[in-house]
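Engineer: no sequence for this one, just the structure:
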């Protein structure tokens with residue numbers, strides 16, 4: 001089993017920044033990709049970004065490209081999401097996820113965190 005705990009959410013004004021972190025623990029030996037997803041009220045959960053543990057290759061949704069940066073700290077088993085130039089449309093619950101599959105673009109993940117709220121005021 002893999003446990004994922006998100007932190008760093010909060011309230012920020014439009015144009016501001018937030019940094020989310022996801023601490024991973026448990027049986028991580030077969031986890032290859034970490035990702036971030038979000039779900040806004042009344043909407044389906046959507047992919048935000050992913051990163052591969054082994055080589056650090058990243059993949060982003062078009063809606064966040066150039067504003068968000070995903071990174072990983074292999075020594076600490078932490079994945080972060082730096083979010084800049086935030087917009088009210090970024091308001092959502094953000095979820096950390098992990099999967100065994102090595103493909104960055106496939107969105108079928110095996111493990112999920114509980115989520116952290118991000119609210120961007122206009």
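Structural biologist: The structure has been received and is ready for your questions. Model, not experiment: these values are computed from the prediction. Numbers count the residues shown, from 1 in each chain.
Engineer: Please give the element, helix or strand, for the most centrally placed residue in the chain.
Structural biologist: If you average the C-alpha coordinates of the chain and look for the closest C-alpha using CA atoms, centre = their mean, you land on residue 36, 2.3 Å from that point. Residue 36 is part of strand 33-39, with elements assigned from DSSP states H and E.
Engineer: next SSE after that strand?
Structural biologist: Counting by DSSP H and E, the element after strand 33-39 in chain order, helix or strand, is strand 46-52.
Engineer: contacts for the strand holding residue 36?
Structural biologist: Contacts of strand 33-39 with the rest of the structure, by CB atoms under 8 Å, 6 or more residues apart in numbering, involve 20, 22, 24, 45-53, 70, 72, 79, 81, 90, 92-99, 101-104, 107, 109, 115, 118. Yep, even glycine has a C-beta here, placed from its N, CA and C like the rest.
Engineer: List buried members of those by neighbour count.
Structural biologist: Neighbour counting by 16 or more other CB atoms under 10 Å classes 20, 22, 24, 45, 47-53, 70, 72, 79, 81, 90, 92-99, 104, 109, 115, 118 among the contacts of strand 33-39 as buried.
Engineer: quick revisit: quick check: buried residues in the strand holding residue 36?
Structural biologist: For strand 33-39, the buried set under the neighbour-count rule, 16+ other CB under 10 Å, comprises 33, 34, 35, 36, 37, 38.
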